[in-house]
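Chemist: Following is a predicted model, sequence given first.
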Amino acid sequence: GQQVQQSPASLVLQEGENAELQCNFSSTATRLQWFYQRPGGSLVSLLSNPSGTKHTGRLTSTTVTKERRGSLHISSSQITDSGTYLCAMGMNNNAGAKLTFGGGTRLTVRP
Amino acid sequence: EAAVTQSPRNKVAVTGGKVTLSCNQTNNHNNMYWYRQDTGHGLRLIHYSYGAGSTEKGDIPDGYKASRPSQENFSLILELATPSQTSVYFCASGGIQDYNNQAPLFGEGTRLSVL
């Protein structure tokens, strides 16, 4: 079945440093979706990016569909960025809007 | 405001008992989903639905049933709960076929412990 691998599994940064999160997927996706999850909390959509580069605030998502990989860059990290970042690949076909999730990257930003 | 509401938020069940997790959405989305999240596995899709009366098997449907009696409500049913079903369960609505490829909206999760 479809698989999504994220790396690193965990990351510790000092406040102000940049973070680069990686996502690799096993089959052609129609989009790559990034979510943020607070400890014990719900998921919040960050960026949806089928291909190319998209920006929002301090976040930049880059997806290279042909190479089946994507990344999320967080610039000037803040303590409040701490949490788990999940990437999910979506297939826009007759199966509807199913998303397959990776295991996540747990980010800790220290003062 | 768009919302997905899950109930209960926490549940302790006994092995062999029946558990029903409920999800309500006020977004008028056609698609709804049930996921479970376990350490090291991310979120895994259990069942999903395209609309009232529709239920489809996801990637890990064994041991679970789903019910979509209306556009707003989607339930996950564990007929005979087992300790391996101890997990955090998330409901979501929306997605690719709802509203211009927006990401699905997630509920706050239900923490289920089966003893």
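Modeler: Alright, I've got the coordinates. Numbering: from 1, shown residues only, chains lettered A, B, ... in the order given.

Chemist: Please report how far the nearest residue to A:I79 once chain neighbours are set aside lies from B:Y89.
Modeler: Distances taken as CB to CB, 6 or more residues apart in numbering or on different chains put A:V109 closest to A:I79, at 5.1 Å, once the chain neighbours are dropped. Using the backbone N, CA and C atoms, a C-beta is placed for each residue, glycine as well. From A:V109 across to B:Y89, the span is 29 Å (CB to CB, to the nearest Å).

Chemist: neighbour-wise, which of those two wins?
Modeler: Using other CB atoms under 10 Å in any protein chain shown, the more surrounded residue of A:V109 and B:Y89 is B:Y89, with 24 against 20.

Chemist: Please give the element, helix or strand, for the more buried one.
Modeler: Following DSSP states H and E, one finds B:Y89 within strand B:87-93.

Chemist: Could I get the contacting residues of the residue nearest to A:I79?
Modeler: By CB atoms under 8 Å, 6 or more residues apart in numbering or on different chains, A:V109 lies in contact with A:V12, A:L13, A:Q14, A:E15, A:E17, A:S77, A:Q78, A:I79, A:T80, A:D81, A:S82.

Chemist: What of B:F74?
Modeler: For B:F74, the contacting residues are B:C23, B:Q25, B:M32, B:W34, B:S49, B:A66, B:S67, B:R68, B:C91, B:S93, by CB under 8 Å, 6+ apart.

Chemist: What segments of the chain are strands?
Modeler: Assuming you mean chain A. Applying DSSP state E to chain A gives strands spanning A:4-7, A:10-14, A:19-25, A:31-37, A:43-49, A:52-56, A:59-64, A:69-74, A:83-90, A:99-101, A:105-110.

Chemist: my bad, chain B
Modeler: B:4-7, B:10-13, B:19-25, B:32-38, B:42-49, B:56-57, B:65-67, B:73-78, B:87-93, B:105-106, B:110-114.

Chemist: Is it possible to get JSON lines of those that adds mean pLDDT?
Modeler: Output for the strands of chain B, formatted as JSON lines (pLDDT from 0 to 100):
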{"stretch": "strand B:4-7", "mean pLDDT": "96"}
{"stretch": "strand B:10-13", "mean pLDDT": "97"}
{"stretch": "strand B:19-25", "mean pLDDT": "98"}
{"stretch": "strand B:32-38", "mean pLDDT": "94"}
{"stretch": "strand B:42-49", "mean pLDDT": "92"}
{"stretch": "strand B:56-57", "mean pLDDT": "93"}
{"stretch": "strand B:65-67", "mean pLDDT": "98"}
{"stretch": "strand B:73-78", "mean pLDDT": "98"}
{"stretch": "strand B:87-93", "mean pLDDT": "95"}
{"stretch": "strand B:105-106", "mean pLDDT": "90"}
{"stretch": "strand B:110-114", "mean pLDDT": "97"}
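
Chemist: just to revisit the earlier point, please tell me which one of the contacts of B:F74 counts the most neighbours.
Modeler: The most crowded member of the contacts of B:F74 is B:M32, carrying 32 neighbours; neighbours defined as other CB under 10 Å.

Chemist: Which residues of chain B lie near chain A?
Modeler: With CB under 8 Å from any CB of the partner chain as the criterion, chain B meets chain A at residues B:31, B:33, B:35, B:40-45, B:48, B:50, B:56, B:58-59, B:90, B:92, B:94-98, B:101-109.

Chemist: are any of these buried, and which?
Modeler: Among those, those scoring as buried are B:31, B:33, B:35, B:42-45, B:48, B:50, B:56, B:58, B:90, B:92, B:94-96, B:98, B:101-109 (criterion: 16 or more other CB atoms under 10 Å in any protein chain shown).
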